[in-house]
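Engineer: Structure here, sequence nowhere to be found:
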């Protein structure tokens, strides 16, 4: 342990100025990690930790505890030969300490690096400029987000920084080497190191740390003033204790912080007071929907915060959270038997929230997909003032605000990995009175959005995109939209739906012609909400200016999710599987038609209609498959299902040919290329074309049809799940990298896969491993 740490913290002499809780815990963490005078580093020297503190008793206590090797009350007596200086003094003392340090730096080691631990970075940057004339390149401002109500070196905790964040705020000309050394210091202490600019840091901390402390101090003081005998505290329960715990923090330290970060604290306090005023008004008026909107939005935001603390998945966060890496390891062989129900249809789940929010009345939803993409859509409408209860076991209640009842969100709307949500939101928000920014995760920000932005501009919308027409999208509110007639250059349900939703707010008629049939959930659901949508041949249209009326929705199981298990059963001898309550919308059943053409033993049972959508139970048994030329008219009906169908083709007898599927190149990944690369990795013969692929199937009735291998999913959930089921007929293990996004579309996939007979393990993986 000591050797590995010293290779990272390659310092000979660390000086901690200020030996309180933070400085003392840093010394303790370094000692616990093996840094110290009695440890030998890779360079062959022992590391020394010194301290400067105005209290000689603190220094003596630090030496007695074994945290430091020596120290002094005067900086000039401990600066010689120091390679790293950590300033852990109160914010208001920082200028004096920096000024003194500036006059002594020539006695430090060449290349000395300076860092600090203060919680108000703009104030400390100003101190540096006053002391040094500028922010020196070797000064790396930092802030460990950790602490305790205790103080002094006696409270030093070697684990104080473990799994806590340390935010570094480097300047544009900060020396990269200095930045790397400070990062190494905190990494050795077990911290997660992040970077952001000074202004953003102070704004974030004012809201998440400084404001809560201010409120806690104020609440406890208010109650204490009302009851001088403090009798009221006898009746306080755990909630009061949890909320006010931080009021026991060091008053002097917090006085200094509020003084130093005054502007950001006041701005956050203004926002809070405005929120309290709105809530007071709702309580006074007995406005239950307004109260529910606030409480439910806060409740789910708190659950999300908990997920960050526990490093579990709730909804991907787009500014600070580092995406965890997940790998699937699939053992060869297995069987596929049983009766299962896959999660609700993602397309319908998205639209149920959107239309329910714009409707008049209350929409009850059953079967809602509780995946991260759908949750991102749900949370986005909460940010726009819609009261939403749930989800609870697939049940969601949406309190509609009407066509013009949405409110401006306080910040960007984050839609995770959901291209559907972003494109539909673009249409829905183009006609609103307020500005909106739409953003998503790293994968989504690579996907083209001009296919919706360009026709929306023709309707009068003003939309800015990033380079190449990619997210984030900035939609300018208050624009008058005009209906248009649009011939789509490609078959895309997302583009069609986007324009129809924009057409709700447009003057006149909006007509969309599609070159081939695409899924029609938007048209069906608009009709279900009482909005007239017309169709004649390949064209659908609606008139703007109408209204939506709330209606119950029972979301069928997603046929795209069911596809992976349909193919799993179709390729595996001895399989017998029933998938319950699957949506069989005529615009989505390409996978059923294609598998049937390939010879799959697949039949529909218990066919019925639920909320305007046809559903059925799908019963599939193993039967030998044969290669086919996939009919061009089936391509748009199965566009999302092709990754799984490619695995079916790899197990069929003969060659399967696909053309007219260039749309696959602009999904979460270039799915044609990604699948071709994966097929090559496991030894499946194929020929790739710009708009399709030829796959030569193994065709064996027993045993394996290809080998094992390592697959890069490119963070595309469908690529990951496709090669998971490929393991059923592989001769060796298949390892699939970057599978975390499976949860965005199919929560519970791994459990269901194991339930029906696959042998699948999940494991974390480091990037680049």
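Structural biologist: Everything's here; your move. The model shown is predicted, which means the values in this text are computed figures rather than measured ones. Numbering: from 1, shown residues only.
Engineer: ok, and for stretch 351-362, which residues are buried?
Structural biologist: Residues of stretch 351-362 classed as buried: 351, 352, 353, 354, 355, 356, 357, 358, 359 (neighbour count, 16 or more other C-beta atoms under 10 Å). In this view, the C-beta of every residue, glycine as well, is placed from N, C-alpha and C.
Engineer: my bad, stretch 90-105
Structural biologist: By neighbour count with 16+ other C-beta under 10 Å, stretch 90-105 contains the buried residues 90, 91, 92, 93, 94, 95, 97, 98, 100, 101, 102, 105.
Engineer: before we move on, what about stretch 232-246?
Structural biologist: Buried residues in stretch 232-246, counting neighbours by 16+ other C-beta under 10 Å, are found at 244, 246.
Engineer: mind listing the helices for the stretch 251-400 of the chain?
Structural biologist: Secondary structure of the stretch 251-400 of the chain (DSSP state H, counting those that start in this stretch): helices located at 251-260, 262-285, 288-310, 346-358, 372-383.
Engineer: Dump the ones you listed to CSV, plus mean pLDDT and distance to residue 233.
Structural biologist: Conversion of the helices of the stretch 251-400 of the chain to CSV gives the following (pLDDT from 0 to 100; distance: least, C-beta to C-beta, whole Å):
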stretch, mean pLDDT, distance to residue 233
helix 251-260, 84, 18
helix 262-285, 90, 23
helix 288-310, 70, 25
helix 346-358, 94, 43
helix 372-383, 87, 35
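Engineer: Packed most tightly, which of those helices would that be?
Structural biologist: Neighbour counts (mean count of other C-beta atoms under 10 Å) averaged over each of these peak at helix 346-358, with a mean of 27.
Engineer: just curious, which of the buried residues of stretch 351-362 is nearest to residue 422?
Structural biologist: residue 354 (12.2 Å; C-beta to C-beta).
Engineer: Now do the closest one against residue 522, distance only.
Structural biologist: 9 Å (C-beta to C-beta, to the nearest Å).
Engineer: what do these two both touch?
Structural biologist: Counting by C-beta atoms under 8 Å, 6 or more residues apart in numbering, the shared contacts of residue 354 and residue 522 are 424, 501.
Engineer: before we move on, the earlier item: out of the helices of the stretch 251-400 of the chain, which gets nearest to residue 73?
Structural biologist: helix 251-260 (19.3 Å).
Engineer: That closest one to helix 262-285, inter-axis angle?
Structural biologist: Here the directions of helix 251-260 and helix 262-285 differ by 100 degrees (axes from the mean of the first three to the mean of the last three C-alpha atoms, to 10 degrees).
Engineer: ok, and what's touching helix 251-260?
Structural biologist: Applying C-beta under 8 Å, 6+ apart, the external contacts of helix 251-260 come out as 90-92, 118-120, 123-124, 151, 210, 213-214, 217, 265.
Engineer: Next: stretch 743-755.
Structural biologist: Contacting residues not belonging to stretch 743-755 are listed as 313, 316, 328, 338, 340, 342-343, 346, 369-373, 416-418, 558, 560-561, 564-565, 568, 717-718, 721, 724-725, 742, 760, 762 [C-beta under 8 Å, 6+ apart].
Engineer: Would you check which pair of the contacts of helix 251-260 lies furthest apart?
Structural biologist: Distances among these were taken as C-beta to C-beta; the most separated pair is 124 and 217, at 22.8 Å.
Engineer: where in the stretch 651-769 of the chain is pLDDT low?
Structural biologist: For the stretch 651-769 of the chain, the stretches with pLDDT under 70 are 744, 765-769.
Engineer: and with 80 instead?
Structural biologist: Flagging of the stretch 651-769 of the chain using pLDDT under 80 yields the residue ranges 666-669, 743-745, 765-769.
Engineer: picking up where we left off before, so residue 124 and residue 217 - more neighbours on which side?
Structural biologist: Neighbours were tallied for residue 124 and for residue 217 using other C-beta atoms under 10 Å; the higher tally belongs to residue 124 (26 against 19).
Engineer: re the thing from before, which of the contacts of helix 251-260 fall in helices?
Structural biologist: Secondary-structure check on the contacts of helix 251-260 using DSSP state H: residues within helices are 123, 124, 213, 214, 217, 265.
Engineer: Kindly reformat these as TSV containing distance to residue 448.
Structural biologist: Conversion of the ones in helices among the contacts of helix 251-260 to TSV gives the following (distance: C-beta to C-beta, whole Å):
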residue	distance to residue 448
123	44
124	43
213	45
214	45
217	51
265	42
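Engineer: just those residues now: which is nearest residue 412?
Structural biologist: Using C-beta to C-beta, residue 265 is the member of the ones in helices among the contacts of helix 251-260 that lies nearest residue 412, at 23.4 Å.
Engineer: Return the member of the buried residues of stretch 351-362 nearest to residue 585.
Structural biologist: Checking these one by one against residue 585 (C-beta to C-beta), the nearest turns out to be residue 351, at 12.2 Å.
Engineer: got the contact list for the residue nearest to that closest one when sequence neighbours are not counted?
Structural biologist: Counting by C-beta to C-beta, 6 or more residues apart in numbering, residue 351 lies nearest to residue 525, which is 5.2 Å off, once chain neighbours are set aside. Residues in contact with residue 525 (C-beta under 8 Å, 6+ apart) are 348, 351, 352, 355, 553, 612.
Engineer: Try it again at 10 Å.
Structural biologist: Residue 525 makes contact with 347-348, 351-352, 354-356, 497, 531, 533, 548, 551, 553, 611-613 under the criterion C-beta atoms under 10 Å, 6 or more residues apart in numbering.
Engineer: can you check residue 218 too?
Structural biologist: By C-beta under 10 Å, 6+ apart, the contact set of residue 218 is residue 247.
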